[in-house]
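In: quick one, structure for this:
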Amino acid sequence: LVVGNSDIGGALARFLPNGMLDPDFGNSNHPGFLRLLGVGNYLALSDIAVQPDGKILMAGHTGTPLQFAVSRFLADGSNNDGPNFGQFGGALVPFGTVADRASAVELQPDGKILLGGTVFVDDITFDFGIARLNADGTLDPSFGSGGKATTGSPAFQETCTSMVLQPDGKILLGGYAGNGDMNDLMLVRYNADGVRDSGFGTDGVVITNVQSNDRGGALAFQPDGKIIMGGTTVFTNDDLVVLRYL
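Out: Presented below is the predicted three-dimensional model:
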């Protein structure tokens with residue numbers, strides 16, 4: 001499965017092992033892939049997760065203002081899971097800000113859904129944001145504040161790019177924090193209830209400077225509990241960077 005975006009909205013495709021589009025996925029008009037439109041015919045997709053029953057979760061943002069969005073489709077891509085998930089197979093998460101963009105989705109073992117991304121407080125200030133939904137697409141009020149939580153840093157611009165769910169139920173968000181020009185890598189860890197883990201970094205937040213401009217990307221959690229973060233760093237040239245944390 002591959003998720004991305006086109007000029008008319010989000011797109012999801014499924015490929016066979018030989019790299020050809022799977023003709024049994026999607027519908028007869030577009031065998032092998034789906035095209036999705038969001039609120040106001042605008043939708044950007046960022047990540048996917050597959051449930052144990054084969055149903056597909058797609059996370060991104062849509063609406064006016066932009067909000068976290070998640071859609072659920074049947075395993076064969078023939079239709080959305082409208083009767084069982086959110087409204088018409090999709091759910092929006094309003095943070096009450098000027099715009100929000102989900103960048104990652106994770107599925108908990110109990111079927112609850114985590115969405116991580118960036119919450120834009122105003123045009124120049126933004127924070128990490130996370131939300132948890134029940135299996136039916138409704139916000140889980142037992143998580144954070146009414147199902148949502150946000151975290152900033154001493155900088156005023158925090159961009160979340162990735163998320164990983166630890167085996168113990170704690171949740172890591174990764175990305176970068178900056179002042180509009182230079183950035184440092186940023187990690188935030190939450191307990192399973194959406195409260196920041198005070199035993200991680202400084203009140204749940206870790207900021208790492210590598211060179212003059214760093215951007216965190218993918219996250220991974222090793223079996224020994226160490227954390228891997230990949231990204232880019234800039235001094236005189238653009239370079240890849242990989243860090244490992246205890």
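
In: tell me the mean pLDDT for stretch 104-121?
Out: What stretch 104-121 shows for mean pLDDT is 97.

In: meant to ask about stretch 125-134
Out: The pLDDT scores in stretch 125-134 average 97.

In: can you check stretch 209-219 too?
Out: Stretch 209-219 comes out at a mean pLDDT of 92.

In: on the strand side of things, show who the residue nearest the centre of the chain bridges to.
Out: Centroid-nearest residue in the chain: A104, 1.5 Å away (criterion: CA atoms, centre = their mean). On the basis of DSSP bridges, A104 is bridged to G116.

In: low-scoring pLDDT stretches of this protein, where are they?
Out: 7-8, 39-41, 236 (pLDDT under 70).

In: quick revisit: surely the residue nearest to the centre of the chain is in contact with S46?
Out: Yes. Judged on CB atoms under 8 Å, A104 makes contact with S46 at a distance of 6.9 Å. Heads up, the C-betas are built off the backbone N, CA and C, glycines and all.

In: which neighbours do the two have in common?
Out: Common contact partners of A104 and S46 (CB atoms under 8 Å, 6 or more residues apart in numbering): 59, 117.

In: which of the residues in stretch 43-54 are classified as buried?
Out: 43-49 (16 or more other CB atoms under 10 Å).

In: from the residues you listed, pick the one nearest Y176.
Out: Set against Y176, the nearest of those by CB to CB is S46 (16.0 Å).

In: so how far is L34 from that closest one?
Out: 16 Å (CB to CB, to the nearest Å).

In: L173 too?
Out: 28 Å.

In: tell me which of these two has more neighbours.
Out: More crowded of L173 and L34, by other CB atoms under 10 Å: L173, with 30 against 23.

In: thought the more buried one was touching G194?
Out: No. Counting by CB under 8 Å, G194 is not a contact partner of L173; they are 11.6 Å apart.

In: overlap of the contact sets of the two?
Out: With CB under 8 Å, 6+ apart, L173 and G194 have common neighbours I130.

In: tally of neighbours for F120?
Out: 19.

In: G201 contacts L187, doesn't it?
Out: Yes. Using CB under 8 Å, G201 is in contact with L187, at 6.9 Å.

In: quick one: which of those two has more around it?
Out: Neighbours were counted for G201 and for L187 using other CB under 10 Å; L187 has more, 25 against 17.

In: for that one, pull up the helix or strand it's in.
Out: strand 183-190 (DSSP states H and E).

In: output the contacting helices and strands for that strand.
Out: Here strand 183-190 touches strand 126-133, strand 157-165, strand 171-178, strand 205-208, strand 213-221, strand 227-234, going by 3 or more CB pairs under 8 Å, 6 or more residues apart in numbering; DSSP states H and E.

In: now these as JSON lines including distance to T64?
Out: JSON lines is the format used below for these (distance: least, CB to CB, whole Å):
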{"stretch": "strand 126-133", "distance to T64": "18"}
{"stretch": "strand 157-165", "distance to T64": "21"}
{"stretch": "strand 171-178", "distance to T64": "25"}
{"stretch": "strand 205-208", "distance to T64": "31"}
{"stretch": "strand 213-221", "distance to T64": "28"}
{"stretch": "strand 227-234", "distance to T64": "31"}
